[in-house]
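S.K.: With the sequence up front, the predicted model follows.
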Amino acid sequence: MSEIWAVLEQRDGILSEESGELLAELAELARRQPEQARLCAIILTAPTAFAVMDEALKLYGVQQVYVIEHPVLAHFSTEVYVAALAWLLRTHMPLLVAASATANGRDWMPRLAARLHLPFVPGCLGLDLHNDELFALRSVYEGRAYIQTRTDLHGKTALATFIPGVRGNPPGPTTFQVEQQPTVTHLTPALPVQRETSHIQPLGVQAPSPEAVELDAAERIVAGGRGIGREGFTNVAAFARLLGAAVGATRVATDRGWIEHERQIGATGKSVHPKLYIACGISGAAQHTSGMREAQTVVAINPDRSAPIFSLADLGLLGDANSILPLAAKIIEQTHT
């Protein structure tokens, strides 16, 4: 039976938030195959760190779990992930290996493709396999258009990364659920313990403050642009802290050094999909809005009534964000006292 692999990220035995939608996408793909295909989950971990996740995996129709165990897999390392997965792929030939296009997934997947000379399609919004070809739906022109690509596989395993947040996690039981518990196979790859990781020394894991949380995982974002100036990011950070939100920025703000580049949202930055997005002093250029179009609710604060950002906003406030944010913060604090 052919196999389709989902490489899942986990920490302390808890699957990442992106795992559900990746599994749901691949479950649909497996069901569309003319010949029966088995959905498999790949989990890389230290020997003693694996926790039983059978029920969560069963919900999405996973039939086989490959647990790759090795001491050097206690922490993420690009070279170790590539070496471990290359080792597994040399003894198996799945139809497809897919991972979420997270920071880690974008890091190790193209390197794995290069090492094994396998076809690779990054940043997919949808996937399909047919007649030894991989079809992928992708966005182009800063999210303003979509294309479907076709990649000839020539009998090789296809590799792909799936953009998180495209379909979201199912709110309840899915139609993919299987009757039996997934079969769990523990494997120990032949990896050198020291050579691969001697130049990397993990120091620990520290939870970020709310405004420093990763943008692509934030449910609330307060973003600043050219209109608020360098000093305005003090107000943005304070308001974000009050809301438990992350801080974002436009390319102009990061290029001028007002805030670090990791906070940039847009075509050359990050794509986000929060429940609430507050745009402060942001005009609404396509370079920026292409990265925040998936926001559920958009609040725009700008003194220019003709700013394009208002066409995307659910609520628009005409005025200077540096005056409005402190006033809004004061009102929120008064209502909670």
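M.R.: Thanks, I have the structure now. What you see is a predicted model; the values in this text were computed from it and never measured. Numbers count the residues shown, from 1 in each chain.

S.K.: buried residues in stretch 10-25?
M.R.: 10, 15-16, 18-25 (16 or more other CB atoms under 10 Å). In this view, the C-beta of every residue, glycine as well, is placed from N, C-alpha and C.

S.K.: now the residues you listed as a markdown table including distance to residue 311?
M.R.: A markdown table is the format used below for these (distance: CB to CB, whole Å):
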| residue | distance to residue 311 |
| --- | --- |
| 10 | 41 |
| 15 | 38 |
| 16 | 34 |
| 18 | 30 |
| 19 | 35 |
| 20 | 33 |
| 21 | 29 |
| 22 | 33 |
| 23 | 36 |
| 24 | 32 |
| 25 | 31 |
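
S.K.: can you name the two of the residues you listed that are farthest apart?
M.R.: By the measure CB to CB, 10 and 25 form the most distant pair in the buried residues of stretch 10-25, at 18.2 Å.

S.K.: picking up where we left off before, can you flag which of the buried residues of stretch 10-25 belong to strands?
M.R.: Members of the buried residues of stretch 10-25 lying in strands (criterion: DSSP state E): 10, 15.

S.K.: Tell me which of the buried residues of stretch 10-25 fall in helices.
M.R.: 19-25 (DSSP state H).

S.K.: Make CSV out of these and add distance to residue 120.
M.R.: Putting those into CSV (distance: CB to CB, whole Å) gives the following:
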residue, distance to residue 120
19, 21
20, 23
21, 20
22, 16
23, 20
24, 22
25, 17
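
S.K.: Compile the residues you listed into CSV and extend it with columns for pLDDT and distance to residue 82.
M.R.: Shown next, in CSV, are these (pLDDT from 0 to 100; distance: CB to CB, whole Å):
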residue, pLDDT, distance to residue 82
19, 88, 20
20, 87, 25
21, 87, 24
22, 92, 19
23, 92, 22
24, 90, 26
25, 92, 23
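
S.K.: Residue 86: which of those residues is nearest?
M.R.: Of those, the one sitting nearest to residue 86 (CB to CB) turns out to be residue 22, at 20.6 Å.

S.K.: Report how many residues lie close to the residue nearest to residue 165 when sequence neighbours are not counted.
M.R.: Closest residue to residue 165 apart from its sequence neighbours, by CB to CB, 6 or more residues apart in numbering: residue 273 at 4.0 Å. Other residues near residue 273 come to 22 when the count uses other CB atoms under 10 Å.

S.K.: List the residues that contact residue 273.
M.R.: Contact analysis of residue 273 by CB atoms under 8 Å, 6 or more residues apart in numbering lists 165, 216, 294-296.

S.K.: Please identify which pair of those lies farthest apart.
M.R.: Largest pairwise distance in these, by CB to CB, is 14.8 Å, between 216 and 296.

S.K.: With neighbour numbers in mind, choose between those two.
M.R.: residue 216 (20 against 11).

S.K.: Name all residues that make contact with the more buried one.
M.R.: Residue 216 neighbours (CB under 8 Å, 6+ apart): 102, 164-165, 270-273.

S.K.: Sketch out the low-pLDDT regions of this protein for me.
M.R.: 49-56, 142-144, 167-179, 192-202, 205-213, 337 (pLDDT under 70).

S.K.: burial of residue 230, as a residue count?
M.R.: 12.

S.K.: Buried residues, the helix or strand containing it. List them.
M.R.: Assigned by DSSP states H and E, residue 230 belongs to helix 229-243. For helix 229-243, burial by neighbour count (16+ other CB under 10 Å) applies to 229, 232-233, 235-237, 239-243.

S.K.: ok, and what's touching it?
M.R.: 209-211, 220-224, 228, 245-247, 249, 253, 256, 258-259, 276, 278, 280-281, 321-322, 325-326, 328-329, 332-333.

S.K.: Of the buried residues of helix 229-243, which is the nearest to residue 121?
M.R.: So of the buried residues of helix 229-243, ranked by how close each gets to residue 121 (CB to CB), first place is residue 240, at 35.3 Å.
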